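Engineer: Here is the input, now give the coordinates:
(chains A and B)
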Amino acid sequence: MASTDERMNSVMLTIIRRRTPSADVADFDKQIYDLDMDSLDVVDLSQALEKEFGVEADLERVADCLTPSEIGSYFQELIGSP
Amino acid sequence: MTGGIVDIATATPGEHIDNSYFDSIGLTDEWIRRRTGVGARWWMDPDEPLEDVGALVCAPLVARHRDRVNITALIIVSCSTGGKVPGIAQRVAQQSGLATEVLAFDVNAACSGFVYGVISGLSLCAPGGAVIVCAVEAMSRLIDKTDRNTGPLFGDGAGAVLIESRPEFREHRWHAGSGGDRVDLMRGEIGGGIQLDGMQVYDRAVRMMTDTVNRLHDNDVEPTVVIGHQANSRILQKISAEVDLGDVEFVDSVEEFGNTSAASIPLALGTCVAKQSIPATGRMTLVAYGAGEAWGGVSVDYELADAIARRGS
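Structural biologist: Residues are numbered from 1 along each chain as shown, chains lettered A, B, ... in the order given. Below is the predicted model:
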């Protein structure tokens, strides 16, 4: 069974690669807008992670994140420790 | 016996505005299309009376049907009449050639207005009778055309449908809801611009319209066409991907008209009829989300063979 990190990376890459097909996990520290994503892509990413992990995110908190890594960290908080 | 949609008329008076209009505020055609799907919109003359535009689409329906069916009600849906007293329904009724014995009234449910109008019209449609639901919007009178966030989004237009009660129509289904605690997500007034929280509205629109389509889904009576409020192509694409309805036509006319608020669904339906892109008879699910917040959907039979034959000729 895939780990939380693996599942999160897979969801995030699916959304990010719609705009930046060459993106990899190493790019998660890049600014969201440098990955050619816009604010609606960020909503799509948040909704996809909510669906994957069965959590409910505060979209204002997500909007404050500058990088995919920050969004990932926020969702790790929501998911809690395994 | 229940009602179904049996005819439609649409109009987009005014000037056709393509995305190059927004070059001056630094927005390119590519940027607008990618973010919204909008390629162009129609903006009415600022002095064009909305009752005249309403009559432009209602009068043909009255002329085509009044000799064979009793049109008992006219529901005007709009959020751009300026909130004056009186509304415009009575003048539209008079200018359209309706009898004086008609229940004519205005409804403002913003972008959900047409769906709310159809739900109301179906409940008012008695056996042997018919109801007109007419959306007429001049969003160009609300927007700040220099606002990079909202200026390119909105357009003007009008569309009216005739709902008629017929024995062959299956029972319609509807679902609606409101959330007054989210009133600040979208606000606007004539000449005052539109304030819109883009991320929250996108999030809520996708969630509520997807949920509404799923709630209306009936395995025994599947829709042949789904028409969502035409606010943004990306919202429509997301809903289409999220719901599982099988072989159904999801309509997207955002590129042609932009977001015309309550008029967006009838304009989209009018495009389908003109292009003959939907079956002549079937069942349509109409769904919307908008300011209020107000959302809703209705699943209703239609019979548009005559309209398609007329438009396609």
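
Engineer: residue boundaries of the helices in the chain?
Structural biologist: Reading this off chain A. Ranges of helices in chain A, per DSSP state H, are A:4-16, A:39-53, A:59-64, A:68-79.

Engineer: oops, chain B please
Structural biologist: B:29-36, B:50-65, B:89-96, B:113-124, B:198-216, B:233-242, B:254-257, B:264-275, B:305-312.

Engineer: and those helices as JSON lines, adding mean pLDDT and distance to residue A:9?
Structural biologist: For the C-beta atoms, the positions are set from N, CA and C on the backbone; glycine is no exception. Below are those laid out as JSON lines (pLDDT from 0 to 100; distance: least, CB to CB, whole Å):
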{"stretch": "helix B:29-36", "mean pLDDT": "95", "distance to residue A:9": "26"}
{"stretch": "helix B:50-65", "mean pLDDT": "97", "distance to residue A:9": "52"}
{"stretch": "helix B:89-96", "mean pLDDT": "98", "distance to residue A:9": "56"}
{"stretch": "helix B:113-124", "mean pLDDT": "98", "distance to residue A:9": "40"}
{"stretch": "helix B:198-216", "mean pLDDT": "95", "distance to residue A:9": "23"}
{"stretch": "helix B:233-242", "mean pLDDT": "95", "distance to residue A:9": "21"}
{"stretch": "helix B:254-257", "mean pLDDT": "97", "distance to residue A:9": "33"}
{"stretch": "helix B:264-275", "mean pLDDT": "97", "distance to residue A:9": "38"}
{"stretch": "helix B:305-312", "mean pLDDT": "85", "distance to residue A:9": "49"}
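
Engineer: what about the residue nearest the centre of chain A, distance to residue B:300?
Structural biologist: Central residue of chain A (CA atoms, centre = their mean): residue A:12, 4.5 Å from the mean position. Separation of residue A:12 from residue B:300 (CB to CB, to the nearest Å): 40 Å.

Engineer: if we can go back for a sec, and among the helices of chain A, the most buried is which?
Structural biologist: helix A:39-53 (a mean of 19; mean count of other CB atoms under 10 Å in any protein chain shown).

Engineer: if we can go back for a sec, could you export the helices of chain B as JSON lines, including mean neighbour count and distance to chain A?
Structural biologist: As requested, the helices of chain B are exported to JSON lines (neighbours: other CB atoms under 10 Å in any protein chain shown; distance: least, CB to the nearest CB, whole Å):
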{"stretch": "helix B:29-36", "mean neighbour count": "17", "distance to chain A": "6"}
{"stretch": "helix B:50-65", "mean neighbour count": "22", "distance to chain A": "31"}
{"stretch": "helix B:89-96", "mean neighbour count": "22", "distance to chain A": "36"}
{"stretch": "helix B:113-124", "mean neighbour count": "25", "distance to chain A": "23"}
{"stretch": "helix B:198-216", "mean neighbour count": "21", "distance to chain A": "5"}
{"stretch": "helix B:233-242", "mean neighbour count": "20", "distance to chain A": "6"}
{"stretch": "helix B:254-257", "mean neighbour count": "22", "distance to chain A": "14"}
{"stretch": "helix B:264-275", "mean neighbour count": "24", "distance to chain A": "18"}
{"stretch": "helix B:305-312", "mean neighbour count": "15", "distance to chain A": "34"}
